[in-house]
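**Q** output the structure for:
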Amino acid sequence: MITLRPSSERGHANHGWLDSHHSFSFADYHDEAHMGFGPLRVINEDRVQPGMGFGTHGHRDMEIISYVLDGELSHRDDIGNGSVIVPGDVQRMSAGRGVRHSEFNPSRDRPVHFLQIWIIPSEQGIPASYEQSHLTEEQRRGRLALLAAPAGKGGAVVIHQDARVYAGLFDGDESATLSIEAGRRTYVHVARGSVAVNGRALGAGDAAMLEGETEVRIDGGKQAEVLVFDLP
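**A** Purely as a prediction, here's the structure:
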């Protein structure tokens, strides 16, 4: 079964400095039908104006992944980490017992466009931690490259959940297939461009929820960037 989640049905908030679309209930957007998908709790598509950002705030017991599409995003936290992430980077922060952090756009003239993703961990109260990795365009071109996974799964950042996150770039004849194990579900989010997912056409911001399927087929892309979540 494939259920489509059109971009136009997402929650939306425009605060001037921040323009955000919410795939699942978040902040003032509440939708009982979209509280998450398995352990996938949040996908926020954020655009932050130059020199602006999220001031220092706290989180607990959540795997938080940031994936930059355009621009730069600066990160600071109270466990000693500071970095700037750019397109192709994936940043994972395990909030665990508690962490305080800030995220802002360091540019003076260019917005930053990124996805903020929350995944509920399989256990609570773990030590807070941070990790960052980079995938080149070549590694993502015409394939689904592993971004995040449990420990021991290649060079992906480690998340504390039996879930895997993939990213791919698709244009023209480029295609990829991902097998789905029995009993698992898959969420496909189109970050930009357009693509077909198991023959169903999706555009930027659209998503597909797959249950009871044996594979995910990505093809028919037009300058598409896609994230795929393999979930329990």
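**Q** was I right about residue 63 contacting residue 118?
**A** Yes. Under the criterion of C-beta atoms under 8 Å, residue 63 is in contact with residue 118, at a separation of 6.9 Å. From N, CA and C alone the C-beta is placed, and that goes for glycine too.
**Q** which one of the two is surrounded by more residues?
**A** Neighbour totals were compared for residue 63 and residue 118, and residue 63 leads with 27 against 19 (other C-beta atoms under 10 Å).
**Q** what residues does the lowest-mean-pLDDT helix or strand in the chain touch?
**A** Within the chain, confidence by mean pLDDT, DSSP states H and E is lowest for strand 53-59 among all helices and strands, at a mean of 77. Here strand 53-59 makes contact (C-beta atoms under 8 Å, 6 or more residues apart in numbering) with 74, 76, 78, 93, 95, 98-105.
**Q** again, only using 10 Å
**A** Outside of strand 53-59, the residues that reach it under the criterion C-beta atoms under 10 Å, 6 or more residues apart in numbering are 17-18, 46, 48, 73-78, 93-96, 98-106, 112, 116, 118, 128.
**Q** out of the residues you listed, which sit inside helices?
**A** Residues of the contacts of strand 53-59 located in helices (DSSP state H): none.
**Q** just the buried residues of those.
**A** For the contacts of strand 53-59, a burial check counting by 16 or more other C-beta atoms under 10 Å picks out 17-18, 46, 48, 73-75, 77, 93-96, 99, 101, 103-105, 112, 116, 118, 128.
**Q** show me what contacts residue 208?
**A** Taking C-beta under 10 Å, 6+ apart as the criterion, residue 208 is in contact with 2-5, 186-190, 195-198, 200, 202, 216, 226, 228.
**Q** what's the PyMOL line that selects buried ones from these?
**A** Buried members of the contacts of residue 208 can be picked out in PyMOL with the line below, counting by 16+ other C-beta under 10 Å:
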select buried, resi 2+5+186+187+188+189+190+195+196+197+198+202+216+226+228
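**Q** if we can go back for a sec, can you dump the C-alpha atoms of the least confident helix or strand of the chain in PDB for me?
**A** Output in PDB follows, covering the C-alpha atoms of strand 53-59 (Å, rounded to 0.1, in the frame of the first residue of the first chain):
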ATOM      1  CA  GLY A  53      18.500  31.300  13.400                       C
ATOM      2  CA  PHE A  54      17.300  29.300  16.400                       C
ATOM      3  CA  GLY A  55      18.700  30.600  19.700                       C
ATOM      4  CA  THR A  56      20.000  28.200  22.400                       C
ATOM      5  CA  HIS A  57      17.400  25.700  23.500                       C
ATOM      6  CA  GLY A  58      17.200  22.200  24.900                       C
ATOM      7  CA  HIS A  59      16.100  18.700  23.800                       C
END
